[in-house]
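Asks: Sequence and predicted structure are below.
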There are 2 protein chains.
Amino acid sequence: MSRHAFSILTDDEALFSRFRTLASSSTIHRLQGCKAIDELPAHGLIVLDTSGHDLRSQPEPFWQRCCQQHRIVVVSSTPSDDEGLAWLELGAAGYCHAYAAEETLQQVLEVVAGGEVWVGRSLMTRLLKGIGAHRSQSSRSWTEALTEREREVARRAADAESNLVIAQALGITERTVKSHLTAIFEKLGISDRLQLALKVHGIR
Amino acid sequence: MSRHAFSILTDDEALFSRFRTLASSSTIHRLQGCKAIDELPAHGLIVLDTSGHDLRSQPEPFWQRCCQQHRIVVVSSTPSDDEGLAWLELGAAGYCHAYAAEETLQQVLEVVAGGEVWVGRSLMTRLLKGIGAHRSQSSRSWTEALTEREREVARRAADAESNLVIAQALGITERTVKSHLTAIFEKLGISDRLQLALKVHGIR
DNA sequence: ATCCATCTAGTACCTGAGTACGATACGGCG
DNA sequence: CGCCGTATCGTACTCAGGTACTAGATGGAT
């Protein structure tokens, strides 16, 4: 596998060193400030580090334009699905952990250089969920362990209703709602209603 | 880059020849019928050719199970986004054109063998569009009112992290986390972290 | 020089949530 | 009949979460 030429924008010296090992010194180019991107020839491979303050200094349209003119790989030292999603929607061609294994980073660069898009596992899972069987797959799993009454309580609790509200809605006491919730938590292996909400709504 | 061992199921001799060039003869294994998959050790890399009649002979649950037990790459000589989507939802780890460039196929195998998911450009675009419709109005709106630090706290709180955990992760006190959360709640017009989670994850 | 946003933090307080350890009632099933 | 799952409810307790009021340190903008 050949090593690809690319530019990188980062404040992080350690990160720069890592990427230098991925390319021969003649094919890596360090950008001094985000404005330098405009000077580059189009369709090149560029790595952006989200921890750099340069990234936040520019508005979305700027990055959108960059993504159209180049192949952008965004790396983050504190990656999250939301951040990744935001960048991919802007048009980035890759998003991954800045300190992922070198083999992984190498792979990302190769894939993106080849004109494809690279997306990590967890974000990929989420994209798939967003498309189709959002309900059918995830909601099947958490429901089956619960009784009908528990499902009703779980749905409401996951919808941010307080115990008292749930109680009044169901015509029972708050204490009973708590009983149901305790049973629910035990069955699902969780400990509070926020985790329940994530389960019910198909996140985790 | 090393070549990975994998199994392949196809009726197409030409296709088999192509894949044989991707692996040394000792590491490729040709499956005789889809039932042979059950004999394989778990978590292996398997290539499935959708043009083979074996694929249609089995029901969805069979393939779903396969996808859970192995890393499945589906290749099609007449690929479509819909077909790809269907396989990815079943749990396949990759979907591409059976007669794509050898470098591409090699890349797909490497990516999938590395535990990641491979998705082509056009399908990727579609996935992003699908999620963008739901998310862009909700997820983009909750972020823009908040400061960067608040976004970080909000993301973690929405992920069911306790105030103490967040504090330790960010190197600040629990009290400060509470301050940020109070500011977040005020800005978003909500009153607790569960409602925050629903906002952050695009529900309500 | 001044003002404002942001990040940080202390003390004190209230409340909802969850748990512990119970209880009663009802219906199905061997 | 007794056993068990389900649904209901009591009291009392602990504790994380959220609020109120306050305030020092930055740093950028006017």
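Replies: Arrived safely.
Asks: Output the longest helix anywhere in chain A as CSV - backbone C-alpha positions only.
Replies: Longest helix in chain A by number of residues (criterion: DSSP state H): helix A:174-188. Extracted C-alpha coordinates of helix A:174-188, given in CSV (Å, rounded to 0.1, in the frame of the first residue of the first chain):
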residue,chain,number,x,y,z
GLU,A,174,-46.6,7.6,43.1
ARG,A,175,-45.3,4.7,45.2
THR,A,176,-46.6,2.2,42.7
VAL,A,177,-44.9,3.9,39.9
LYS,A,178,-41.7,3.6,41.9
SER,A,179,-42.3,-0.1,42.4
HIS,A,180,-42.7,-0.6,38.7
LEU,A,181,-39.6,1.4,37.9
THR,A,182,-37.5,-0.5,40.4
ALA,A,183,-38.6,-3.7,38.6
ILE,A,184,-37.9,-2.2,35.2
PHE,A,185,-34.4,-1.1,36.2
GLU,A,186,-33.6,-4.5,37.6
LYS,A,187,-34.8,-6.3,34.5
LEU,A,188,-32.9,-4.1,32.1
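Asks: Going by neighbour count, list what's buried in it.
Replies: A:176, A:177, A:180, A:181, A:183, A:184, A:185, A:188 (16 or more other CB atoms under 10 Å in any protein chain shown). All C-beta spots, glycine's among them, are computed from the backbone N, C-alpha and C.
Asks: do the same with stretch A:120-127
Replies: Those would be A:120, A:123, A:124, A:126, A:127, for stretch A:120-127 by 16+ other CB under 10 Å.
Asks: Stretch A:28-35 too?
Replies: Buried positions in stretch A:28-35, judged by neighbour count with 16+ other CB under 10 Å: A:28, A:31, A:34.
Asks: Pick the one among these closest to DNA strand C.
Replies: residue A:34 (20.2 Å; CB to the nearest atom of the strand).
Asks: what about chain A, any weak spots by pLDDT?
Replies: Within chain A, the segments meeting pLDDT under 70 span A:1-3, A:24-26, A:53-54, A:56-57, A:59, A:61, A:122, A:126, A:128-140, A:204.
Asks: what's the nearest residue to the residue nearest in space to the middle of it if we skip its chain neighbours?
Replies: Centroid-nearest residue in chain A, with CA atoms, centre = their mean: residue A:81, separated by 0.9 Å. Closest residue to residue A:81 apart from its sequence neighbours, by CB to CB, 6 or more residues apart in numbering or on different chains: residue A:123 at 4.9 Å.
Asks: need the contact list for the one you found.
Replies: Taking CB atoms under 8 Å, 6 or more residues apart in numbering or on different chains, we find residue A:123 in contact with A:81, A:84, A:85, A:88, A:95.
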